[in-house]
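K.L.:
output the structure for:
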Amino acid sequence: MLCVKCGTNNPQESKYCSECGTKLAVPVEHRAVEDDPGAFYCTRHPKVVTRLRCGRCETPVCPKCSVYSPAGVRCRDCARNRVAVRPMGLLHSAGSIADPSSDTGRRVWYLVLIAFIISIFRGRNS
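P.N.:
This is a model prediction of the structure:
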């Protein structure tokens, strides 16, 4: 049985991975639609046909079950421990990547504010 976390091949009778200690799960067979190649029934909603699959574990998910992340669509099980992306937080920390003790983060915010004000006034005059 293959461990989904580290990829180690374990004996069939094992309950836990011999390398990382993760609990081994029995692989679930996904039901394919008979007349439509590439289409599957959703794992949580067995009557819904979908072509969307989790980018991590390849589980078929419908639009109701899908969670959109920076790395693509995930099922709810794979997205349970994800970190939320905050675009404003990324912009704020963009200047302080090189030297966190310097004041470059504040300079980036001032530059963004100045660029915004210039774009407002430039739009009025033209």
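
K.L.:
got the domain ranges for this protein?
P.N.:
1-28, 31-83, 87-125 (automatic domain parsing).

K.L.:
which residue is nearest the middle of the chain?
P.N.:
Ser69 (3.2 Å; C-alpha atoms, centre = their mean).

K.L.:
is that residue bridged to anything, and to what?
P.N.:
Beta-bridge pairing of Ser69 under DSSP bridges involves Gly72.

K.L.:
columns mean pLDDT on top of the domains of the chain, output as TSV?
P.N.:
Supplementary listing: these in TSV, determined by pLDDT from 0 to 100:
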stretch	mean pLDDT
domain 1-28	79
domain 31-83	82
domain 87-125	65
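
K.L.:
which of the ones you listed is buried the deepest?
P.N.:
domain 31-83 (a mean of 14; mean count of other C-beta atoms under 10 Å). Where you see a C-beta, it was placed from the backbone N, CA and C, and this is true even at glycine.

K.L.:
quick one: distance of that domain to the chain centre.
P.N.:
A distance of 13 Å separates the centroid of the chain from that of domain 31-83, by C-alpha atoms, centre = their mean, to the nearest Å.

K.L.:
I'd guessed the residue nearest to the centre of the chain sits against Ala79; true?
P.N.:
Yes. Using C-beta atoms under 8 Å, Ser69 is in contact with Ala79, at 6.0 Å.

K.L.:
let me see the contact set for the nearest residue to Pro46 once chain neighbours are set aside.
P.N.:
The shortest distance from Pro46 to any non-neighbouring residue, by C-beta to C-beta, 6 or more residues apart in numbering, is to Arg31 (7.3 Å). Residues near Arg31 by C-beta atoms under 8 Å, 6 or more residues apart in numbering: Phe40, Tyr41, Pro46.
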